[in-house]
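*Asks:* Dropping a prediction and its sequence here:
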Amino acid sequence: MDKDKTSVGLIALLLLAGMTAAAHFAKVSVIFPILAKTYPDAGTSLGFLVSVISLTGVLTGLVAGMLVAQIGFRRVVIAGLLIGAAISAAQATFPPFALMLFTRALEGISHIALVVAIPTLIAKLSAPRHRPYTMTLWGSYFGVTFALVAWLGVPLAISAGPAVLFLMHAAMMLALAVALYIALPRKLIETPPRPRPGLGQIFRDHLSIYASPFIAAPALGWFFYTLTFVALLTVLPAMLPETTRTTLTFLMPIAGTFVSLTIGAQLLRFIPAVTIILLGLATAILAVLAMWALPSAFFPPIILFGSLGLVQGASFTAIPQLNPDPTDQALANGAIAQMGNLGNLLGTPILLAMTVPLGFNGAIIFALIAYIGCATIHLQTAVRRRAVQHSSTC
């Protein structure tokens, strides 16, 4: 492939495949009230239909990053789509709750395969001058998918039944598997053969990867981002002024996606991704303080999520900027998937635990700790990277 040319068609197919990975979550989250009627005896266990995929990602994310380069990026994407299509079609029958929960756990394998392999392929297929835009697009896939599934999928599920939503998801994944099998070149990314790691080696690799200020930095920062994003969107609306609550609930996630695709993409052409992440965090901290000082003000929540849009796109762009080698990129994507799933798993319970006794102040403290922690991680790993680079030139 010409390194100065961007394969727009292939990237579009890969972005669509990524959206089907996000739909693993969205197809259940947006019809949660319907599923509560489908499984009336599940009680509070029903929430595991959403979160069990996150648990699978926490347990397997970095292992997937280790294996994907050995198996082959193309094979992993196609296999992930085929596995996801088969599972989603089986879920459309709405089996007993225990079996449905088991299929959701298996679906996590499809999800992690796609989110680890796809961004490395997108980076490879993008010319350097276009990479900030394509990686920013990848960074926005989750929010865009949720918006589309909520907009189109919920009315469809209400009118035709929830099974249609699962069958459409299966059909899209199958169609994309066929399209990418035909269109995606073999051996697009050449990686040196490495032995399959044993359990001891996997444990040692986890330690070395998270100790690396190059591979681990995007993932460690991403943990704090995901810790707050879904949690705040879930808990914060009830604390906003009733007169503006509905409008803000719609505008907050839209602001993040809009800023990521516009201001964020332009800044990434000239400024290193980590610098933009720190800029977004600084603005987010100021917005949270403004929310604390002016709890009825309309714009601070929008500015907060707009600032997180800078963190969103730049975090994925930071991976190829810090790790030129595709194998290291796969490990970094595995780590970011692992930490992202851990953040999603823990964020809402932690926020609820803080807001029950402290109310709105708990939400503010939660956000401030997360964003200050994220900035601290990025500043500390930047210092360590400079030390490594300095020692290598001496």
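*Replies:* Nice, thanks for sending it over.
*Asks:* how about residue 15, what does it touch?
*Replies:* Each residue near residue 15 by C-beta atoms under 8 Å, 6 or more residues apart in numbering is listed here: 122, 137, 138, 141. C-betas here are computed from N, CA, C, even on glycine.
*Asks:* Redo those residues as TSV? Include pLDDT and secondary structure.
*Replies:* Output for those, formatted as TSV (pLDDT from 0 to 100; DSSP: H, G, I helix; E, B strand; the rest coil):
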residue	pLDDT	secondary structure
122	91	helix
137	84	helix
138	84	helix
141	79	helix
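*Asks:* Could you work out the most separated pair of those?
*Replies:* 122 and 141 (10.2 Å; C-beta to C-beta).
*Asks:* ok, and for the helix or strand encompassing residue 167, which residues are buried?
*Replies:* Taking DSSP states H and E as the definition, one finds residue 167 inside helix 162-183. Using 16 or more other C-beta atoms under 10 Å as the test for burial, helix 162-183 gives 162, 165-170, 172-174, 176-177, 179-180.
*Asks:* So among these, where is pLDDT lowest?
*Replies:* The member of the buried residues of helix 162-183 with the lowest pLDDT is residue 162, at 91.
*Asks:* Contacts only, for it.
*Replies:* Contacts of residue 162 (C-beta under 8 Å, 6+ apart): 31, 34, 35, 38, 94.
*Asks:* switch the cut-off to 10 Å
*Replies:* By C-beta atoms under 10 Å, 6 or more residues apart in numbering, the contact set of residue 162 is 27-28, 31, 34-35, 37-38, 91-92, 94, 153-154, 156.
*Asks:* Next one: it relative to residue 388, how far apart?
*Replies:* 51 Å (C-beta to C-beta, to the nearest Å).
*Asks:* what comes up buried for the host helix or strand of residue 317?
*Replies:* In the assignment (DSSP H and E), residue 317 maps to helix 299-322. Within helix 299-322, the residues scored as buried using 16+ other C-beta under 10 Å are 300-322.
*Asks:* Please state the offset of that helix from the chain centre?
*Replies:* Distance of helix 299-322 from its chain centroid, counting by C-alpha atoms, centre = their mean, to the nearest Å, is 12 Å.
*Asks:* Show me what the next helix or strand after that helix packs onto, helices and strands only.
*Replies:* Sequence-wise, the next helix or strand downstream of helix 299-322 (DSSP H and E) is helix 326-358. With contacts taken as 3 or more C-beta pairs under 10 Å, 6 or more residues apart in numbering; DSSP states H and E, helix 326-358 sits against helix 48-71, helix 73-91, helix 97-125, helix 199-211, helix 217-235, helix 299-322, helix 360-393.
*Asks:* 6 Å - rerun?
*Replies:* helix 48-71, helix 97-125, helix 217-235, helix 299-322, helix 360-393 (3 or more C-beta pairs under 6 Å, 6 or more residues apart in numbering; DSSP states H and E).
*Asks:* Which strands and helices lie in contact with the shortest one?
*Replies:* Other elements packing on helix 217-235 under the criterion 3+ C-beta pairs under 6 Å, 6+ apart are helix 299-322, helix 326-358, helix 360-393.
*Asks:* Pull the residues that contact the shortest one.
*Replies:* To tie it back to what came earlier, the one meant is helix 299-322. With C-beta atoms under 6 Å, 6 or more residues apart in numbering as the test, helix 299-322 has contacts from 123, 132, 135-136, 138-139, 214, 218, 222, 225, 248, 251-252, 255-256, 259-260, 264, 268, 273-274, 276-277, 280, 283-284, 287, 290-291, 329, 332.
*Asks:* So for it, mean pLDDT?
*Replies:* Mean predicted confidence for helix 299-322 is 92.
*Asks:* how big is the angle separating it from helix 217-235?
*Replies:* Relative orientation of helix 299-322 and helix 217-235, computed by axes from the mean of the first three to the mean of the last three C-alpha atoms, to 10 degrees: 160 degrees.
*Asks:* Helix 326-358 and helix 299-322, what's the angle between them?
*Replies:* Interaxial angle, helix 299-322 versus helix 326-358 (the same axes, to 10 degrees): 160 degrees.
*Asks:* I'd like the numbering to begin with 2 instead of 1 from here.
*Replies:* New numbering, starting at 2: the last item is helix 300-323.
*Asks:* and the contacts of residue 16 as JSON lines, adding distance to residue 18 and neighbour count?
*Replies:* Putting the contacts of residue 16 into JSON lines (distance: C-beta to C-beta, whole Å; neighbours: other C-beta atoms under 10 Å) gives the following:
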{"residue": "123", "distance to residue 18": "10", "neighbour count": "23"}
{"residue": "138", "distance to residue 18": "13", "neighbour count": "22"}
{"residue": "139", "distance to residue 18": "11", "neighbour count": "24"}
{"residue": "142", "distance to residue 18": "9", "neighbour count": "24"}
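*Asks:* can I see the domain layout of this structure?
*Replies:* Using automatic domain parsing, the domain ranges for the chain come out as 2-194, 198-395.
*Asks:* Quick one: residues contacting the closest residue to residue 225 other than its chain neighbours.
*Replies:* Take residue 225 and drop its neighbours on the chain: the residue closest to it by C-beta to C-beta, 6 or more residues apart in numbering is residue 375, 3.6 Å away. Residue 375 makes contacts with 222, 225, 282, as judged by C-beta under 6 Å, 6+ apart.
*Asks:* Now do the second one against residue 341, distance only.
*Replies:* Right, the one you point to is residue 225. Distance from residue 225 to residue 341, by C-beta to C-beta: 10 Å.
*Asks:* what's the answer for the last one, then?
*Replies:* Remark: distance between residue 282 and residue 341 (C-beta to C-beta) = 17 Å.
*Asks:* and if you look at residue 350?
*Replies:* Residue 350 is 16 Å from residue 341, by C-beta to C-beta.
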